[in-house]
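*Asks:* would you be able to build a 3D model of this:
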Amino acid sequence: MSNPRSGLSVIVAGGGTAGHIEPALAVADALRRLDDSIRVTALGTERGLETKLVPERGYPLALIPPVPLPRKPSADLLRLPGRVLASVKATRAVIDDVQADVIIGFGGYVALPAYLAARGGVFGRKRKVPVIVHEANAKAGIANKVGAKLAAKVLAAVADSGLAGAQVVGIPVRASITELDRPALRAQARAHFGLPAEGPVLLVFGGSQGARSLNEAVSGAAPQLAAAGISVLHAHGPKNTLELDTSVLGRLDSGLTGGREESRLRGREPAAPAAVYRAVPYLSRMDLAYAAADAVVCRSGAMTVAEVSAVGLPAFYVPLPHGNGEQEFNARPVVTQGGGTIVADAELTPKYVIDEVIPLLLDPARLAQMSRAAAGAGHRDAADTVARIVTEVAR
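*Replies:* Numbers count the residues shown, from 1 in each chain. Predicted structure coming up:
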């Protein structure tokens, strides 16, 4: 039985990085599935990836001044109150323009102004707009800590996020990932990337900008991977290059995702390679990349962990070596279930790839076991759950 048409107006505030934007857009998609009369407006800044990602997904984007929160005493800290007030004023105008019924924030530069602008009284609004906070990371950021004190509902990806009373719902992931049938798409995906139809494939990516340590470790083990019959699909980042010894490697083609191949090659190419090393600046079709792969080496940002576990890929998670250590916490629930391994950045070397990654890819039984564990560790219905909560709070 379909839901009655509500005509609700929802603002999703999650600008800056893909880790904030993708969960927001996944919820937006779920709201549309739930009730196509719901109007969704994305809040963002001109600095963030939202200027590209939001229009591509078909949602209106309202831009406000960014409010980066300084972590150390500086001149920026003195300018913070004025920046906050300017951004709150701009956000208040968006709220009134779209007649918002509810705001859901996902952290980042735009979330704090959204939370404050939703309040009545002190910030110049006659009525309050209910706020929902969603924390994707294992450790909550400053904006969401503030927002949680003002929120009608607080949601989190994992327990112990630092937000008291948060309901654990997982991370909203887009339907093209949660509904991905990897076995059914395997042949198409491998053909898309020019990978062999048979044999294991390792997927490597370090986020939108790549990661030098991942690049050097895996490319350094390229001859051994090829000798073991393991093909590689490696997104090295748009500003990075790889140096590969191709004396035992297969062809390395360009233009697979519309980007220019920038890898430098040494040695010569064999006539009939058994394994292939595909190096590309970025991957625009992550769904096909996941379908083509048998295991992955990647960072452990919250969104990465959510997607990789949702599709059931065994993973070697390599947390960023700086920050507050949240990336390791992001991966722990999946690793505890047996769906992956945490590798310290300094320990990821060509030798580690040879000693640990290659044996896993040559062990189908272990791959299958880890795949089941990874798929069982996540919350595949998180986007739909959050969408339902949004409509309940709005009403």
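*Asks:* quick one, strands of the stretch 51-200 of the chain?
*Replies:* Secondary structure of the stretch 51-200 of the chain (DSSP state E, counting those that start in this stretch): strands located at 61-63, 102-105, 131-135, 153-156, 167-168.
*Asks:* so what touches the shortest one?
*Replies:* Here strand 167-168 makes contact (CB atoms under 8 Å, 6 or more residues apart in numbering) with 153-159, 389. Any C-beta I mention is one placed from the backbone N, CA and C, and that applies to glycine too.
*Asks:* ok, the longest one next?
*Replies:* Identification of contacts with strand 131-135 by CB under 8 Å, 6+ apart yields 23, 27, 102-107, 111, 114-115, 118, 141, 144, 147-148, 150-157, 161-163, 166, 169, 172, 386, 389-390, 393.
*Asks:* PyMOL command to pick out the buried ones of these?
*Replies:* Typed into PyMOL, the next command selects the buried ones out of those (criterion: 16 or more other CB atoms under 10 Å):
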select buried, resi 23+27+102+103+104+105+106+107+111+114+115+118+141+144+147+148+150+151+152+153+154+155+156+157+161+163+166+169+172+386+389+390+393
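*Asks:* which SSE is A274 in?
*Replies:* Using DSSP states H and E, A274 sits in no helix or strand.
*Asks:* hang on, it packs against I230?
*Replies:* No: assessed by CB atoms under 8 Å, A274 is found out of contact with I230, at 9.7 Å.
*Asks:* which neighbours do those two have in common?
*Replies:* Common neighbours of A274 and I230 are listed as G199 (criterion: CB under 8 Å, 6+ apart).
*Asks:* neighbour count: the two, which is higher?
*Replies:* I230 (25 against 16; other CB atoms under 10 Å).
*Asks:* quick one, phi/psi of that one?
*Replies:* Reported as degrees, to the nearest 10, the phi and psi values for I230 are phi -100, psi 120.
*Asks:* which ones are touching it?
*Replies:* Residues near I230 by CB under 8 Å, 6+ apart: 199-202, 275, 358, 361-362.
*Asks:* can I get the buried part of those as one PyMOL selection?
*Replies:* Buried residues among the contacts of I230 (16+ other CB under 10 Å), as a PyMOL selection:
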select buried, resi 199+200+201+202+275+358+361
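*Asks:* closest one of the contacts of I230 to P66?
*Replies:* Closest approach to P66 among the contacts of I230 (CB to CB): L202, at 37.4 Å.
*Asks:* just checking, the closest one touches A295?
*Replies:* Yes: taking CB under 8 Å as the definition, L202 is a contact partner of A295 at 5.8 Å.
*Asks:* can you list residues touching both of these two?
*Replies:* Common contacts of L202 and A295, defined by CB under 8 Å, 6+ apart, comprise 357, 361.
*Asks:* lowest-pLDDT helix or strand in this structure?
*Replies:* Counting by mean pLDDT, DSSP states H and E, the chain has its least confident helix or strand at strand 264-266, which shows a mean of 40.
*Asks:* pLDDT value on G220, please?
*Replies:* If you check G220, the pLDDT there is 95.
*Asks:* may I ask which helix or strand encompasses L288?
*Replies:* Taking DSSP H and E as the definition, L288 sits inside helix 286-292.
*Asks:* beyond that helix, next helix or strand please.
*Replies:* Next helix or strand after helix 286-292 toward the C-terminus (DSSP H and E): strand 295-298.
*Asks:* now A292: how far from V276?
*Replies:* According to CB to CB, to the nearest Å, A292 and V276 sit 11 Å apart.
*Asks:* which neighbours do the two share?
*Replies:* Counting by CB under 8 Å, 6+ apart, the residues touching both A292 and V276 are L195.
*Asks:* tell me who's in contact with A86.
*Replies:* By CB under 8 Å, 6+ apart, the contact list for A86 reads P65.
*Asks:* do you know how far it is from A42?
*Replies:* Using CB to CB, we find A86 at a distance of 20 Å from A42.
*Asks:* give me every residue that touches the residue nearest to the spatial centre of the chain.
*Replies:* By CA atoms, centre = their mean, the chain has its centre lying nearest to M303, at 2.9 Å. The contact partners of M303, taken as CB under 8 Å, 6+ apart, are 18-19, 22-23, 136, 171, 173.
*Asks:* out of these, who's nearest K239?
*Replies:* A18 (16.6 Å).
*Asks:* where in the stretch 251-395 of the chain is pLDDT low?
*Replies:* Residues of the stretch 251-395 of the chain meeting the criterion pLDDT under 70: 251-273, 323-324.
*Asks:* at which residues are the strands of it located?
*Replies:* Assignment of strands within the stretch 251-395 of the chain using DSSP E, counting those that start in this stretch yields the ranges 264-266, 277-280, 295-298, 315-317, 340-342.
*Asks:* would TSV of these with mean neighbour count and distance to E307 be doable?
*Replies:* Listed next are the strands of the stretch 251-395 of the chain as TSV, based on neighbours: other CB atoms under 10 Å; distance: least, CB to CB, whole Å:
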stretch	mean neighbour count	distance to E307
strand 264-266	11	30
strand 277-280	26	18
strand 295-298	24	10
strand 315-317	26	10
strand 340-342	21	13
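*Asks:* out of those strands, the one nearest Q327 is which?
*Replies:* Per CB to CB, nearest to Q327 of the strands of the stretch 251-395 of the chain: strand 315-317, 7.8 Å.
*Asks:* picking up where we left off before, from the contacts of I230, which single one is nearest R33?
*Replies:* Nearest to R33, judged by CB to CB, of the contacts of I230 is V201 at 31.8 Å.
*Asks:* quick one, phi/psi of that closest one?
*Replies:* The phi/psi pair for V201 (degrees, to the nearest 10) reads phi -130, psi 130.
*Asks:* for it, give the beta-bridge partners.
*Replies:* S231 (DSSP bridges).
*Asks:* doesn't R190 make contact with it?
*Replies:* Yes: in this structure, V201 is within contact of R190 by CB under 8 Å, at 7.1 Å.
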